[in-house]
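**Q** What follows is a predicted structure for the sequence shown.
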Amino acid sequence: MSFEIERKFLVRGDDWRKLTQRHIKIRQAYLASNSKNSIRVRIKDDKTATLTVKSKPSSLRRLELEYPVPLLEAEAMMQLRQGAVIEKIRHVVPWDDLEWEVDVFLGSNAGLIIAEIELDSEHQQFRMPAWIGREITGQLQYYNSALVTQPYCSWAREDAELQQLA
């Protein structure tokens, strides 16, 4: 059984861009999402696809089960989605011995930039880059499963301005 231990942060400035090692174009859609779990289909660079089941975050650690699926089937599952398709460019940014994933959202979530770091334990210590802003771990409105029905463009202006000041 696989678990994910992840922390999420808003991003300040563009200094992270010069450190980017690679980037991945991601399209994902949610087939189901409720108070206990979410089921999503994700397509990376229009080449590979996965089906993922995740428990809802109640702490830093949550269940994550991921399975490869044929690309054609993933495209068909996208049509069965709830809400909009999430589109983003994920930038992989090495920092110390870890990798940050900086997601630059597109479409109705354009303007939102979130950095995530996966850890080996809930208590793992790490050094934060200067371009990391306010922590948003556990704030459900920032999770992709929420952005499909409440996109960033629909947030109150004050919320969007706060994100920019992260």
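**A** Here it is on my side, so go on.
**Q** Report the buried residues of stretch 12-32.
**A** Under the neighbour-count criterion of 16 or more other C-beta atoms under 10 Å, stretch 12-32 has 12, 16, 26, 27, 28, 29, 30 buried. Bear in mind the C-beta positions are built from the backbone N, C-alpha and C, glycine included.
**Q** now, which of these lie within strands?
**A** Among those, the members falling in strands (DSSP state E) are 26, 27, 28, 29, 30.
**Q** Quick check: the two most widely separated of these?
**A** Of all pairs drawn from these, the widest gap by C-beta to C-beta lies between 26 and 30 and measures 13.4 Å.
**Q** picking up where we left off before, Throw the ones in strands among the buried residues of stretch 12-32 into CSV and include pLDDT and distance to residue 74, thanks.
**A** Compiled in CSV, these are given as follows (pLDDT from 0 to 100; distance: C-beta to C-beta, whole Å):
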residue, pLDDT, distance to residue 74
26, 98, 12
27, 98, 9
28, 98, 10
29, 98, 9
30, 96, 13
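**Q** Make TSV from those and add distance to residue 105 to it.
**A** As requested, these are exported to TSV (distance: C-beta to C-beta, whole Å):
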residue	distance to residue 105
26	10
27	12
28	11
29	14
30	15
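**Q** Tell me the one of the residues you listed nearest residue 81?
**A** In terms of C-beta to C-beta, no member of those lies closer to residue 81 than residue 29, at 3.6 Å.
**Q** Pretty sure that closest one sits against residue 76.
**A** No: assessed by C-beta atoms under 8 Å, residue 29 is found out of contact with residue 76, at 11.1 Å.
**Q** what's near enough to touch residue 22?
**A** 91, 92 (C-beta atoms under 8 Å, 6 or more residues apart in numbering).
**Q** Can you give me the distance of the residue nearest the centre of the chain to residue 123?
**A** When the chain is reduced to its mean C-alpha position, the nearest residue by C-alpha atoms, centre = their mean turns out to be residue 144, at 5.9 Å. Residue 144 sits 26 Å away from residue 123, taking C-beta to C-beta, to the nearest Å as the criterion.
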